[in-house]
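*Asks:* Generate a structure from the sequence data that follows.
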Amino acid sequence: MNATLVIAGKEISDGMRNRWVLGATLLLAGLAFALTFLGSAPTGELGVKPLAVVVVSLASLTIFLMPLIALLISYDAIVGEVERGCMLLLLTYPVTRRQIMLGKFLGHVAILAIATLIGYGGAGAAMAFGDQGDAQSWQAFATLIASSILLGAAFVALAYWISASVRERSTAAGISIGLWLAFVVIYDVLLMGLLVASKGWISDKVFPWLLLANPADIYRLLNLTAFENVRQFSGMSGLSEQAQFAPATLVAALAVWIAVPLVLANWKFSRSES
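*Replies:* Down below sits the predicted model:
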């Protein structure tokens, strides 16, 4: 376990010097503050809590940004080390491949957590200073931060699976971008087309479970339907009636999306010759 933590610490240290990480943190912070000070402007007329508006807006943006950031910082976690020759050197030390995989994974997730806490936490502190939220809205905001980290961890795990399965960084980069498009953009378009083509049959029996087949949709359900004040403003009341999953179930589903790709990545890495 000590070796795992040492590798995680090294990954965090390297990540803090990475311009991608700095850019991601500044981007999350900038968007969060912009939505905090500008996005809640119409709430006085609508009778919606300002913090609920911020949660809806941030959740909608995070679905697009967090998976992309996670993939960009971790797609070459394994194959990049192999190409640079660092992996052979690392394997000469008394560490196992599993420790290397887990340590690097924990390091990347920690980097995402730091970026999220700084980016969204600063906006939350500004909201708290202005006293613009009720208890349920703050619970929704805390859920947003925690689930954003889990969503990032799921895509880091997917990136590790890709990175352990290919031989070139360019291939890993291309597959990662394709994966982002598939989960974040194409999947919902195809699902909507399937709903129309099925003439309503799939909406009652299969549709809720198809949402669990996409970590981005799990994140959307968790943040936009779990709390009443957020659900009313997000326009997701109809969806929440069809896909009635408890928050604990959705969190467990995200955990599965983290564990399964990571296990597969470890299996591929353990069978590689490098």
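*Asks:* all helices for the stretch 51-200 of the chain, in order.
*Replies:* Counting by DSSP state H, counting those that start in this stretch, the stretch 51-200 of the chain has helices at residues 79-84, 86-91, 97-129, 135-165, 169-180, 187-198.
*Asks:* Now do the buried residues in the last one.
*Replies:* Just to be clear, that refers to helix 187-198. For helix 187-198, burial by neighbour count (16 or more other C-beta atoms under 10 Å) applies to 187-188, 191, 195. (Glycine included, C-beta is placed from N, CA and C.)
*Asks:* Tell me which other helices or strands it touches.
*Replies:* With contacts taken as 3 or more C-beta pairs under 8 Å, 6 or more residues apart in numbering; DSSP states H and E, helix 187-198 sits against helix 201-205, helix 207-211, helix 215-225.
*Asks:* So for the last one, mean pLDDT?
*Replies:* Helix 215-225 shows a mean pLDDT of 89.
*Asks:* again, but for stretch 184-202
*Replies:* Mean per-residue pLDDT for stretch 184-202: 80.
*Asks:* same question, stretch 112-131
*Replies:* On average, stretch 112-131 scores 80.
*Asks:* ditto for stretch 166-175
*Replies:* Averaging pLDDT along stretch 166-175 gives 93.
*Asks:* Please renumber the chain so that the first residue is 55 from this point on.
*Replies:* With the count now opening at 55, the last piece we talked about shows up as stretch 220-229.
*Asks:* what's that stretch in contact with?
*Replies:* 129-130, 133-134, 136-137, 213, 216-217 (C-beta atoms under 8 Å, 6 or more residues apart in numbering).
*Asks:* Out of the residues you listed, which is nearest to residue 165?
*Replies:* residue 213 (12.7 Å; C-beta to C-beta).
*Asks:* Would you confirm that the closest one contacts residue 124?
*Replies:* Yes - using C-beta atoms under 8 Å, residue 213 is in contact with residue 124, at 6.6 Å.
*Asks:* for the strand or helix carrying residue 307, packing partners?
*Replies:* Using DSSP states H and E, residue 307 sits in helix 301-325. Packed against helix 301-325 by the contact rule (3+ C-beta pairs under 8 Å, 6+ apart) you find helix 151-183, helix 189-219, helix 269-279.
*Asks:* Reformat those as a markdown table; add mean neighbour count and distance to residue 236.
*Replies:* As requested, those are arranged in a markdown table below (neighbours: other C-beta atoms under 10 Å; distance: least, C-beta to C-beta, whole Å):
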| stretch | mean neighbour count | distance to residue 236 |
| --- | --- | --- |
| helix 151-183 | 20 | 20 |
| helix 189-219 | 23 | 11 |
| helix 269-279 | 24 | 10 |
